[in-house]
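**Student:** for reference, the sequence and a predicted model appear below.
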Amino acid sequence: MSMTKGNWSKDTPLYLDYQATTPMDPRVLEKMLPFFSERFGNPHSRTHQIGWDAESAVEVARAQVASLIGATHKEIIFTSGATESNNLALNGVGRFYKDKRNHIITCVTEHKCVLDTCRHLEQDGFEITYMPVQQNGLINLQELDAAITDNTLMVSIMAVNNEIGVIQPIKEIGALCRKKGAFFHTDAAQAVGKIPLDVDDMNIDLMSISGHKLYGPMGIGALYVRRRPRVRIVAMINGGGQERGMRSGTLPTPLCVGLGEACELSEREMGVETERLKMMRERFYTKINERLDEVFLNGDLEQRIPGNLNISFAYVEGEGLMMGVNDLAVSSGSACTSASLEPSYVLRALGVEEELAHTSLRIGFGRFTTQEEVDYAVEKIANEVTRLRAMSPLWEMAQEGIDIKSIEWADH
Amino acid sequence: MAYSDKLLDHYENPRNVGSLNKDEGDIGTGLVGAPACGDVMKLQIKVDEDGIIEDAKFKTFGCGSAIASSSLVTEWVKGKTVDEASEIKNTHIAQELSLPPVKIHCSILAEDAIKAAIADYKSKKSSKSRAAE
């Protein structure tokens, strides 16, 4: 690995942000390299060996992606990433079936690319239901059941949330949708390669996949589109009719090969990796709780991918904390990290109070995280939280037994 | 986002962190901001008989820019008269720390904190002098 071991600094931080992106696995890069040079062919060239060679590599990759989710290779459409896949799933199905049904159900904690696409569909005359989540971040199945009507075209619920890592009850949602005749789309960008997924067992009709979240390259993703019973979509990118007419454009052979290899590695190593990451997470969580009081986990602990923690360190603002731990690459649900002053909409949807939402850090563990790194991060964060609490007026009030909610704070 | 060395120095080595007894007559306390907005500053001044700020303390919940702004302000007000201190503007703070545009609100909050501490001190003083009459 090119990543520095030990001696982390502001310029070469310890990477604990695996939900943002994952470093490419060196084995993936190795498989990709020939397709940037000697095996450069256009996979759609039908007249010579150089094209056929690229085509066969793309088809191997397609089968590798399909295998990981229990699909057939004909059901995999390569895209530029999960954002495009989500756009294509929602718009594509929406536009094809609009005259039959125009109600779509999604969830308030979805990724912005799903929520924003739904907003646009609303302007085009679709009716969208945004399901709330419970305090643990999971949707309530009874409420979902009640929300599905004869007019419901599709339910789009993410498999794993990008901020809090919680795993939605995908199989149960799939069964509900099948029973009621609605399509089921899931944004599985954070789930594929992390948890077992089977499109038939889970009754998934469309699934969005991202390359760079599973140790593959950026700039590639896939959309699974079920063939039996068939799901029809209207293409968003038109042209030469590649990808069965659902997504035109020359396929980027090296990226397809990389995504395929990343899927194969994940399929092979998921069991071992899951156990290892669970140990890492358990170690971090136990140690940080030994060092600090008033530490709150956001989202369900059990129904959660092994590589994620999202923790509120009460009375310490998240961005201030990140500046103190600037040799760790982590992210925060605090407002100050973005241009807006609103804290994370995902944490707010869980009912996390704004003051606690401002104190959250997302810590992501992954394939290359070591025990030494976990121990270092715990020390660093615990020391900095302790230092910042000593200068926090809110911590002082809490120690004096003053209820922060009893004070009339001015808006600003 | 690159922060200035001055800002980082105040964040890493904040000056005058602490609390003064808010019930004393010569102490003015300002508490501004809101937890829900992600910034709370408590700034306290101790004023001597000549109206000069002899000590200042702060505690801040907020980002690095908020911590640095309040630390800087405690340095600036010390040795100044109450009236001089009330002249401190957020633009001075923002300039000194080279705050990026998205952090200007931190300097505004620091200015509000001084003003609130001075107002608290003055109201205590006037109620005390009324009591003496």
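**Tutor:** The structure has been received and is ready for your questions. Numbers count the residues shown, from 1 in each chain, chains lettered A, B, ... in the order given.
**Student:** quick one: stretch A:215-224 to chain centroid distance?
**Tutor:** On the basis of Cα atoms, centre = their mean, to the nearest Å, the separation between the geometric centre of stretch A:215-224 and that of its chain is 12 Å.
**Student:** show me what counts as buried in that stretch.
**Tutor:** Going by neighbour count (16 or more other Cβ atoms under 10 Å in any protein chain shown), the buried part of stretch A:215-224 is A:215-218, A:220-224. C-beta here means a position set from N, CA and C on the backbone, and glycine is covered the same way.
**Student:** make JSON lines out of the residues you listed and add secondary structure and pLDDT.
**Tutor:** What follows is the buried residues of stretch A:215-224, written out as JSON lines (DSSP: H, G, I helix; E, B strand; the rest coil; pLDDT from 0 to 100):
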{"residue": "A:Tyr215", "secondary structure": "coil", "pLDDT": "98"}
{"residue": "A:Gly216", "secondary structure": "coil", "pLDDT": "98"}
{"residue": "A:Pro217", "secondary structure": "coil", "pLDDT": "98"}
{"residue": "A:Met218", "secondary structure": "coil", "pLDDT": "98"}
{"residue": "A:Ile220", "secondary structure": "coil", "pLDDT": "98"}
{"residue": "A:Gly221", "secondary structure": "strand", "pLDDT": "98"}
{"residue": "A:Ala222", "secondary structure": "strand", "pLDDT": "98"}
{"residue": "A:Leu223", "secondary structure": "strand", "pLDDT": "98"}
{"residue": "A:Tyr224", "secondary structure": "strand", "pLDDT": "98"}
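**Student:** closest to A:Asp201 out of those residues?
**Tutor:** Here the nearest of those to A:Asp201, counting by Cβ to Cβ, is A:Tyr224; it sits at 13.6 Å.
**Student:** how close does that closest one get to A:Ile76?
**Tutor:** The span separating A:Tyr224 from A:Ile76 equals 6 Å under the rule Cβ to Cβ, to the nearest Å.
**Student:** the longest helix along chain A - what's its average pLDDT?
**Tutor:** Assignment by DSSP state H gives helix A:253-291 as the longest helix of chain A. Taken as a whole, helix A:253-291 carries a mean pLDDT of 98.
**Student:** residues contacting the residue lying closest to A:Gln168 once chain neighbours are set aside?
**Tutor:** If the residues on either side of it in the chain are set aside, A:Gln168 comes closest to A:Ile157, at 5.4 Å by Cβ to Cβ, 6 or more residues apart in numbering or on different chains. By Cβ atoms under 8 Å, 6 or more residues apart in numbering or on different chains, the residues touching A:Ile157 are A:105-107, A:110, A:131, A:139, A:144, A:168, A:170, A:173, A:184, A:186.
**Student:** Three-state assignment for the closest residue to chain B within the stretch 1-150 of chain A, please.
**Tutor:** Of the residues in the stretch 1-150 of chain A, the one nearest chain B is A:Lys10, at a distance of 9.8 Å by Cβ to the nearest Cβ. Reducing the assignment at A:Lys10 to three states with DSSP: H, G, I helix; E, B strand; the rest coil gives coil.
**Student:** quick one: the nearest residue to it once chain neighbours are set aside and A:Gly364, what's the gap?
**Tutor:** Using Cβ to Cβ, 6+ apart and skipping the chain neighbours, the partner closest in space to A:Lys10 is A:Asn326 (4.7 Å). Look at A:Asn326 and A:Gly364: by Cβ to Cβ, they are 17 Å apart.
**Student:** am I right that A:Phe96 is in contact with A:Arg230?
**Tutor:** No - taking contacts as Cβ atoms under 8 Å, A:Phe96 lies outside contact range of A:Arg230: 10.9 Å.
**Student:** higher neighbour count, the two?
**Tutor:** Here A:Phe96 and A:Arg230 are compared on neighbour count by other Cβ atoms under 10 Å in any protein chain shown; more neighbours surround A:Phe96, at 15 against 8.
**Student:** ok so, going back, what residues of the longest helix of chain A count as buried?
**Tutor:** Going by neighbour count (16+ other Cβ under 10 Å), the buried part of helix A:253-291 is A:253-267, A:273-274, A:276-277, A:280-281, A:284-285, A:287-288.
**Student:** got any ranges where the chain has weak pLDDT?
**Tutor:** Let's take chain A. Along chain A, the model assigns pLDDT under 70 to residues A:1-5, A:335-341, A:411-412.
**Student:** I was thinking of chain B, sorry if that wasn't clear
**Tutor:** Counting by pLDDT under 70, chain B shows low-confidence ranges at B:1, B:132-133.
**Student:** between A:Asn326 and A:Gly364, which has more neighbouring residues?
**Tutor:** For A:Asn326 versus A:Gly364, the count of surrounding residues by other Cβ under 10 Å is larger for A:Gly364: 26 against 18.
**Student:** ok, back up a step: could the buried residues of stretch A:215-224 go into a markdown table alongside distance to A:Met322?
**Tutor:** Converted to a markdown table, those look like this (distance: Cβ to Cβ, whole Å):
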| residue | distance to A:Met322 |
| --- | --- |
| A:Tyr215 | 25 |
| A:Gly216 | 27 |
| A:Pro217 | 28 |
| A:Met218 | 23 |
| A:Ile220 | 30 |
| A:Gly221 | 29 |
| A:Ala222 | 33 |
| A:Leu223 | 34 |
| A:Tyr224 | 36 |
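**Student:** please identify which of those residues is nearest to chain B.
**Tutor:** Nearest to chain B, judged by Cβ to the nearest Cβ, of the buried residues of stretch A:215-224 is A:Met218 at 22.6 Å.
**Student:** all strands for chain B, in order.
**Tutor:** In chain B, strands defined by DSSP state E lie at B:27-34, B:39-47, B:53-61, listed in chain order.
**Student:** thinking again about what came up before, and chain B, which of the buried residues of helix A:253-291 contact it?
**Tutor:** Taking Cβ under 8 Å from any Cβ of the partner chain as the test, chain B is in contact with none of the buried residues of helix A:253-291.
**Student:** tell me what the biggest helix by length in chain B is packed against?
**Tutor:** When chain B is scanned for its longest helix (criterion: DSSP H), the result is helix B:104-132. For helix B:104-132, the contact count by 3 or more Cβ pairs under 8 Å, 6 or more residues apart in numbering or on different chains; DSSP states H and E identifies strand B:27-34, strand B:39-47, helix B:64-77, helix B:82-85, helix B:90-97 as packing neighbours.
**Student:** right, and those - which one's nearest B:Gly18?
**Tutor:** Distances from B:Gly18 to each of those were compared using Cβ to Cβ; the shortest belongs to strand B:39-47, at 8.5 Å.
**Student:** need the CA coordinates for the closest one. PDB is fine.
**Tutor:** As requested, the backbone C-alpha atoms of strand B:39-47 are provided in PDB (Å, rounded to 0.1, in the frame of the first residue of the first chain):
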ATOM      1  CA  ASP B  39     -21.500  28.000  18.400                       C
ATOM      2  CA  VAL B  40     -21.700  29.200  22.000                       C
ATOM      3  CA  MET B  41     -19.300  31.700  23.500                       C
ATOM      4  CA  LYS B  42     -19.000  32.700  27.100                       C
ATOM      5  CA  LEU B  43     -16.700  35.800  27.600                       C
ATOM      6  CA  GLN B  44     -16.100  37.300  31.000                       C
ATOM      7  CA  ILE B  45     -14.300  40.600  31.900                       C
ATOM      8  CA  LYS B  46     -13.100  41.800  35.300                       C
ATOM      9  CA  VAL B  47     -13.000  45.500  35.500                       C
END
